[in-house]
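K.L.:
I'll drop the sequence and a predicted model, then ask my questions.
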Amino acid sequence: MAQGTSDAPTCVQPTPDPRAVIAVLMAGTFLAPLDSSIVNIALPAIASGFQVRLAAVGWVATAYLLTNASLVLVMGRLGDLWGIRRIYVTGFAVFGAGSLACALSPSLGWLIAARILQAVGASMIFAASPALVVRTFPPRRRGWALGWISLAVSAGLTAGPSLGGVLLGTFGWPSIFLINLPLVVLVIAAAKRLLPSDCPVEEPFDLLGAALGALALTSLLVGLSEVDRRGILSPFVLGAVALAAVAGAAFVMVERRLEHPMMDLSLFSSRSFSAGVAAAVLSYMSLFAITFTMPFYLLQVRGIEPGLAGLVLTATPLSMALFSPLAGRLSDSWGSRGLATGGMVWLALSVAVASRVSQATPLWAIAATLFSIGTGLSVFTAPNTAAILRATPQHRVGVGSALTSQARNVGMTLGISVTAAIMSTMLGGRELIRGEGALPPADAAAFLDALQPALVVAAAVAAAGAFVSWLRTHDGVRDDEVEPPQTVP
């Protein structure tokens, strides 16, 4: 049965104040990355508090990431059916409840369960945020809006380590979760008052498709996340990837036969949509090759203090915070294709420069390279997201919005897995990172010999992303010819 052929539902409503909407969305999209970056810094303190091994406490982060990744598409579809604002507000309520449960956790198992609850809320927030931009802004202003949202994400990533350090040193690890609660309350109150009202759609929810999609994605991400520890040819990794392939094939078969599928596969018939999603995956693959390896390089190859290493690493999110609003604004005037492609070319060149680092590279040069990487990504991200949402029909905007978040999850996992596999192969399975402190000179040299080809591959991935990005078209529709049907002048 054909899918995706229904017209967008008629839903006319007063135009909300765009600056008020942006303020609410920025507050919301600041919170989730802030929480993630703070939690990563707090893992050693949590392990010490519960008297467990660091490998076990790693599930505090892993359970959150897997839950978020497996549910974000489902939440996007529920946003299309039940209302985007309802999903956004409910997401914050769930995230707040999860934060309180985390702070009150009496055991590691309880904390992991509470983090899963947090992730359910985060998946709602990530799925709804770009969709609310579409509900509020005409195509000619969406790049501007998405640029400011990207700034909020970067600000959360930048503030997390320093704020986390203050909270941990002063109040202990439960405070990193309690800090979320005041902002959650403020966002919920403001969202109910200021965000555009909902346009629910009366269609059935595809429960089988949702289950198969979540199984496929979770299996893939779990398998890839184990490449570093088990090896790319381990039975566990191969079995997980095989299960993902079977579930993915079943998902496609089910979705193609339904009139109201969980994910409308006809979205990918648009070259602008499919090229935008593919380029986003490749951009995060390249970025997370750097994100994964640079802390090890700074701390254990160069042997610098954690505080100084954190300062150097903030160069990337700082650059994104500075340039994302400008890139979004320019995409409204110039279009997305040239900017997004140019940003990916810039990213590829910057990662190629990073592949040449050595033990003698000045720290200012490393910071400058990381700043350049953030610049390339910021020039790419807001224009690319705007192009994806522009190519998404209004009645599918929840799923289209969720796919922009899903691209990040998949790209991040692939980037870390591919980089780990290349470095492990180059090292012949030799384990170098065994604890804290600088590596011996011979081990440091071996690490750098393995790092260079891994980052060369990451640069090639970004170059492939530039080519994919250039393939996008406007699908015969100019940006200034489309207005969202949900609003009136």
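P.N.:
That came in fine, so what should we check first? Numbers count the residues shown, from 1 in each chain.

K.L.:
which stretches in the stretch 101-250 of the chain count as strands?
P.N.:
Counting by DSSP state E, counting those that start in this stretch, the stretch 101-250 of the chain yields no residue ranges for strands.

K.L.:
shaky segments in it?
P.N.:
The stretch 101-250 of the chain contains residues with pLDDT under 70 at 199-200, 228.

K.L.:
try 90 this time
P.N.:
Using pLDDT under 90 as the threshold, the predicted model of the stretch 101-250 of the chain has low-confidence ranges 123, 126-173, 176, 183, 190-211, 213-214, 216-238, 240-241, 248.

K.L.:
quick one: the helices in it?
P.N.:
If you assign secondary structure with DSSP state H, counting those that start in this stretch, the helices in the stretch 101-250 of the chain sit at 108-136, 139-171, 175-178, 180-194, 207-225, 227-230, 235-257.

K.L.:
give me the helices and strands touching the helix or strand just after the last one, please.
P.N.:
Downstream of helix 235-257, the next assigned helix or strand under DSSP states H and E is helix 271-296. Contacts defined by 3 or more C-beta pairs under 8 Å, 6 or more residues apart in numbering; DSSP states H and E place helix 271-296 against helix 306-313, helix 315-334, helix 337-354, helix 363-390, helix 397-426, helix 441-470. Just so you know, the C-beta spots here come from the backbone N, C-alpha and C atoms, and that holds for glycine as well.

K.L.:
quick check, Ile304 in a strand?
P.N.:
No. According to DSSP: H, G, I helix; E, B strand; the rest coil, Ile304 belongs to no strand; its state is coil.

K.L.:
which residues does the residue nearest to it when sequence neighbours are not counted contact?
P.N.:
When the adjacent residues along the chain are set aside, Ile304 lies closest to Leu298, with 5.6 Å between them (C-beta to C-beta, 6 or more residues apart in numbering). For Leu298, the contacting residues are Ile304, Leu308, Ala309, Val312, Leu313, Ile366, taking C-beta atoms under 8 Å, 6 or more residues apart in numbering as the criterion.

K.L.:
buried among these? Make that a PyMOL selection.
P.N.:
In PyMOL, a selection of the buried entries from the contacts of Leu298 looks like this (16 or more other C-beta atoms under 10 Å):
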select buried, resi 304+309+312+313+366
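
K.L.:
same list (the contacts of Leu298) but as CSV, adding pLDDT.
P.N.:
Putting the contacts of Leu298 into CSV (pLDDT from 0 to 100) gives the following:
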residue, pLDDT
Ile304, 82
Leu308, 82
Ala309, 78
Val312, 87
Leu313, 83
Ile366, 94
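
K.L.:
now flag whichever of the contacts of Leu298 is closest to Leu233.
P.N.:
Distance to Leu233 across these (C-beta to C-beta) is lowest for Leu313, with 32.1 Å.

K.L.:
outline the domain layout of this structure.
P.N.:
If you go by automatic domain parsing, the domain ranges for the chain are 18-193+262-481, 206-261.

K.L.:
assign the residue nearest to Ile304 to helix, strand or coil.
P.N.:
Of the three states, Leu298 takes helix according to three-state DSSP.

K.L.:
now Leu439
P.N.:
Each residue gets one of three states, and Leu439 gets coil by three-state DSSP.

K.L.:
I'd like the numbering to begin with 59 instead of 1 from here.
P.N.:
OK, 59 is where the count begins now, so the last one is Leu497.

K.L.:
what is the burial count for Met311?
P.N.:
11 (other C-beta atoms under 10 Å).

K.L.:
show me what contacts it?
P.N.:
For Met311, no residue meets the contact criterion (C-beta under 8 Å, 6+ apart).

K.L.:
how near is Gln176 to Phe153?
P.N.:
Plainly put, Gln176 is 6 Å away from Phe153 if you go by C-beta to C-beta, to the nearest Å.

K.L.:
ditto for Ala81
P.N.:
Remark: distance between Ala81 and Phe153 (C-beta to C-beta) = 18 Å.

K.L.:
ok, Trp168 next?
P.N.:
Taking C-beta to C-beta as the measure, Trp168 and Phe153 are separated by 17 Å.

K.L.:
looking at these two, which has the bigger crowd around it?
P.N.:
Comparing Trp168 with Phe153 by other C-beta under 10 Å, the one with more neighbours is Phe153, at 29 against 14.

K.L.:
same for the host helix or strand of the more buried one, what does it pack against?
P.N.:
Following DSSP H and E, one finds Phe153 within helix 142-161. Where contact means 3+ C-beta pairs under 8 Å, 6+ apart, helix 142-161 is packed against helix 76-108, helix 117-140, helix 166-194, helix 233-236, helix 238-252, helix 455-484.

K.L.:
try it again with 6 Å
P.N.:
Helices and strands in packing contact with helix 142-161 are listed as helix 117-140, helix 166-194, helix 233-236, helix 238-252; criterion 3 or more C-beta pairs under 6 Å, 6 or more residues apart in numbering; DSSP states H and E.

K.L.:
so which of those gets nearest Ala269?
P.N.:
The stretch from the helices and strands packed on helix 142-161 with the least distance to Ala269 (C-beta to C-beta) is helix 117-140; that distance is 9.2 Å.

K.L.:
state the mean pLDDT of that closest one.
P.N.:
Averaging the model's pLDDT scores along helix 117-140 yields 84.

K.L.:
distance between that helix and the chain's centre?
P.N.:
When C-alpha coordinates are averaged (C-alpha atoms, centre = their mean, to the nearest Å), helix 117-140 and its chain have centres 12 Å apart.

K.L.:
list the buried ones in that helix?
P.N.:
Going by neighbour count (16+ other C-beta under 10 Å), the buried part of helix 117-140 is 117-119, 121-140.

K.L.:
ditto for stretch 508-522
P.N.:
508-510, 512-517, 519-522.

K.L.:
how near is the residue nearest the centre of the chain to Ala119?
P.N.:
Residue closest to the average C-alpha location in the chain (C-alpha atoms, centre = their mean): Arg466, at 3.8 Å. In this structure, Arg466 and Ala119 are 16 Å apart, going by C-beta to C-beta.

K.L.:
with Val526 instead?
P.N.:
Relative to Ala119, Val526 is positioned 30 Å away (criterion: C-beta to C-beta).

K.L.:
for the stretch 359-508 of the chain, give me the ranges with low pLDDT.
P.N.:
Counting by pLDDT under 90, the low-confidence segments of the stretch 359-508 of the chain come to 359-396, 417-418, 439-441, 443-505, 507-508.

K.L.:
switch the cut-off to 70
P.N.:
487-496.

K.L.:
coming back round to it: among the helices and strands packed on helix 329-354, which is nearest Leu282?
P.N.:
Smallest distance to Leu282 across the helices and strands packed on helix 329-354 (C-beta to C-beta): 4.0 Å, for helix 455-484.

K.L.:
grab the nearest non-local neighbour of Leu323.
P.N.:
Leaving aside its chain neighbours, Leu323 sits nearest to Glu313 (5.4 Å; criterion: C-beta to C-beta, 6+ apart).

K.L.:
show me what contacts that neighbour?
P.N.:
The neighbourhood of Glu313, defined by C-beta atoms under 6 Å, 6 or more residues apart in numbering, consists of Gly267, Pro319, Met321, Leu323.

K.L.:
ok, for the second one, nearest residue in space, not its chain neighbours?
P.N.:
Once its chain neighbours are removed from consideration, Pro319 has its nearest residue in Glu313; the separation is 4.1 Å (C-beta to C-beta, 6+ apart).

K.L.:
tell me the pLDDT at that neighbour?
P.N.:
Here, the pLDDT recorded for Glu313 equals 85.
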